[in-house]
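**Student:** no letters, just coordinates:
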């Protein structure tokens, strides 16, 4: 049900700069932050084309640690739904997550644990959609990541631009931008879009000062 553009974006190698690490016991764990997953989902699937609901949020444990902080554990089950562009088809995922809240105040510990559990479950739902949404970080696969740019983005070909495939804008994806369809326009999304305006303008996009976005009518894609 996904367009070729979405499938191409999902298949890109994970940018190592997005990966964070934390220590758990004697093990170093790699992960993507919750806001990073959400930003990436918006870029790939489009704003308003996915949603989630919390079907279960359960308080599972509570104790006090050696520093007299309250430690609260939560379990969450989250259901994720992703729609096609016309919202006529959708795919669902459901997974479980766990969170721990640590604070002096009971209320703050509960808040932290509940939020972490929901975020963890949502991230686990998204992982089934591939590398860009964190799947390569599970099962030890993250050891294969290097500091090299994603291989799929290194050499965009001219014929791809002429054929109007999802890699038309590979050089924009390479600098952290995405091109999505929104109504009758193509929209550029991503971080630091003003500093990358020359690259964006080179593809014929124009700045809409009212909507605060770079856009181009879809019929002009062949000019890219």
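**Tutor:** Thanks, I have the structure now. None of the values given here were measured: they were computed from a predicted structure. Numbers count the residues shown, from 1 in each chain.
**Student:** switch to C-alpha atoms for all contacts and neighbour counts from now on
**Tutor:** Fine.
**Student:** mind giving me the domain split of this structure?
**Tutor:** For the chain, automatic domain parsing gives the domain ranges 4-144, 155-223.
**Student:** ok, and the closest non-adjacent residue to residue 43?
**Tutor:** Using CA to CA, 6 or more residues apart in numbering and skipping residues adjacent in sequence, the residue nearest residue 43 is residue 178, 5.8 Å away.
**Student:** count the neighbours of the one you found for me.
**Tutor:** 23 (other CA atoms under 10 Å).
**Student:** give the contact list for it.
**Tutor:** 43, 44, 172, 188, 189, 190 (CA atoms under 8 Å, 6 or more residues apart in numbering).
**Student:** likewise residue 108?
**Tutor:** Neighbouring residues of residue 108 by CA under 8 Å, 6+ apart: 101, 102.
**Student:** element containing it, please.
**Tutor:** In this assignment (DSSP states H and E), residue 108 forms part of helix 106-126.
**Student:** which residues of the protein fall in helices?
**Tutor:** Using DSSP state H, the helices found in the chain span residues 4-11, 34-45, 106-126, 158-163, 170-174, 197-201.
**Student:** so, low pLDDT: which residues of the protein?
**Tutor:** The chain contains residues with pLDDT under 70 at 25, 139-168, 219-224.
**Student:** could you report the neighbour count for residue 20?
**Tutor:** 11.
**Student:** for residue 216, same thing?
**Tutor:** For residue 216, using other CA under 10 Å, the count is 20.
**Student:** right, and it touches residue 204 too?
**Tutor:** Yes: Residue 216 is within contact range of residue 204, at 6.9 Å (criterion: CA atoms under 8 Å).
**Student:** need the nearest residue in space to residue 34, chain neighbours excluded.
**Tutor:** Residue 34's closest residue in space is residue 119 (CA to CA, 6+ apart), at 6.2 Å.
**Student:** this protein: strands as residue ranges?
**Tutor:** For the chain, applying DSSP state E gives strands covering 20-24, 27-31, 50-64, 70-83, 90-103, 177-182, 185-190, 206-208, 213-217.
**Student:** rewinding a little: mean neighbour count, the helices of the chain: which tops it?
**Tutor:** Highest mean neighbour count among the helices of the chain (mean count of other CA atoms under 10 Å): helix 106-126, with a mean of 21.
**Student:** ok, residue 125 to residue 119 distance?
**Tutor:** Distance, residue 125 to residue 119, by CA to CA, to the nearest Å: 10 Å.
**Student:** before we move on, the earlier item: now tabulate the strands of the chain in TSV and tack on distance to residue 114.
**Tutor:** Listed next are these as TSV, based on distance: least, CA to CA, whole Å:
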stretch	distance to residue 114
strand 20-24	20
strand 27-31	19
strand 50-64	7
strand 70-83	6
strand 90-103	6
strand 177-182	32
strand 185-190	29
strand 206-208	39
strand 213-217	35
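**Student:** for residue 113, find the nearest of the ones you listed.
**Tutor:** strand 90-103 (3.8 Å; CA to CA).
**Student:** contacts for that closest one?
**Tutor:** 1, 69-84, 108-122, 124-126.
**Student:** what of stretch 190-210?
**Tutor:** 43, 172, 176, 177, 178, 188, 213, 214, 215, 216, 223, 224.
**Student:** so how far is it off the chain centroid?
**Tutor:** Relative to its chain's centre, stretch 190-210 lies at 21 Å (CA atoms, centre = their mean, to the nearest Å).
**Student:** then stretch 70-78?
**Tutor:** On CA atoms, centre = their mean, the centre of stretch 70-78 falls 23 Å from the chain's centre.
**Student:** thanks a lot, catch you later.
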